[in-house]
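# Okay, sequence plus prediction incoming.
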Amino acid sequence: MIASPFTYVTPDRFITNARRTPVLLHALLHGVTRARAMEATDGPDGWSVLEVVCHLRDYEGFFRRRAELMLAEVNPALPAYDHEALAIERDYQHQDLREAQAVLLEERRLFISLFESLRPEQFTRTGIHPENGQITVMDSLIQLTNHDITHLDQIARCLDLSDRLL
């Protein structure tokens, strides 16, 4: 008998995946100096490793706050964030890599704590995402893990670590 693919789309599985990001990020950044993190980009106009880590740090809180809003209100309009403007406003390129990584880890702990505390029916609470329309709290959790994968891959490309096995 073939299992439904949706059997694997459970909060526990995505919370487990969310726990993996700080571990993978730590491994990717092991031995990377601040100078290397500032200079390594994924292309001439791409973000540096440092900018990507700062982006992950900031969006961690944004994902959590959107979920909190959906849990507190009925189908709220969720705030939009301009990642390019934030990178400039917050001067990502001149922040401390290890501090950004530490704050990301603390934000991830808060995110996981929130999601582990939810009852099953709370994962179906909705909000209106500024780009994607109506989403659920579960969608927010899935979006976070997809966001993680995208940016971990970006960091690997910046550091010339991707595509070595393909």
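Thanks, I have it. Model, not experiment: these values are computed from the prediction.

# got any ranges where this protein has weak pLDDT?
Applying pLDDT under 70 to the chain flags residues 1-7, 163-166.

# all helices of it, in order?
For the chain, the helices defined by DSSP state H cover 11-29, 34-39, 49-72, 83-89, 97-116, 137-158.

# tell me what the fourth one is packed against?
In other words, helix 83-89. Applying 3 or more C-beta pairs under 8 Å, 6 or more residues apart in numbering; DSSP states H and E, we find helix 83-89 packed against helix 49-72. All C-beta atoms are positioned from the backbone trio N, CA, C, and that covers glycine.

# okay, the angle between the helix it packs on and helix 97-116?
20 degrees (axes from the mean of the first three to the mean of the last three C-alpha atoms, to 10 degrees).

# now the angle between helix 137-158 and helix 49-72, please.
Going by the same axes, to 10 degrees, helix 49-72 makes 180 degrees with helix 137-158.

# Next, the buried residues of helix 49-72.
Judged by neighbour count (16 or more other C-beta atoms under 10 Å), helix 49-72 contains these buried residues: 49-64, 66-67, 69-71.

# mind listing what Leu105 touches?
Counting by C-beta atoms under 8 Å, 6 or more residues apart in numbering, Leu105 makes contact with Pro22.

# ok, it to Ile15 distance?
In this structure, Leu105 and Ile15 are 16 Å apart, going by C-beta to C-beta, to the nearest Å.

# okay, the helices of the chain in a markdown table with distance to Phe123 next?
Below are the helices of the chain laid out as a markdown table (distance: least, C-beta to C-beta, whole Å):
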| stretch | distance to Phe123 |
| --- | --- |
| helix 11-29 | 6 |
| helix 34-39 | 35 |
| helix 49-72 | 10 |
| helix 83-89 | 26 |
| helix 97-116 | 9 |
| helix 137-158 | 4 |
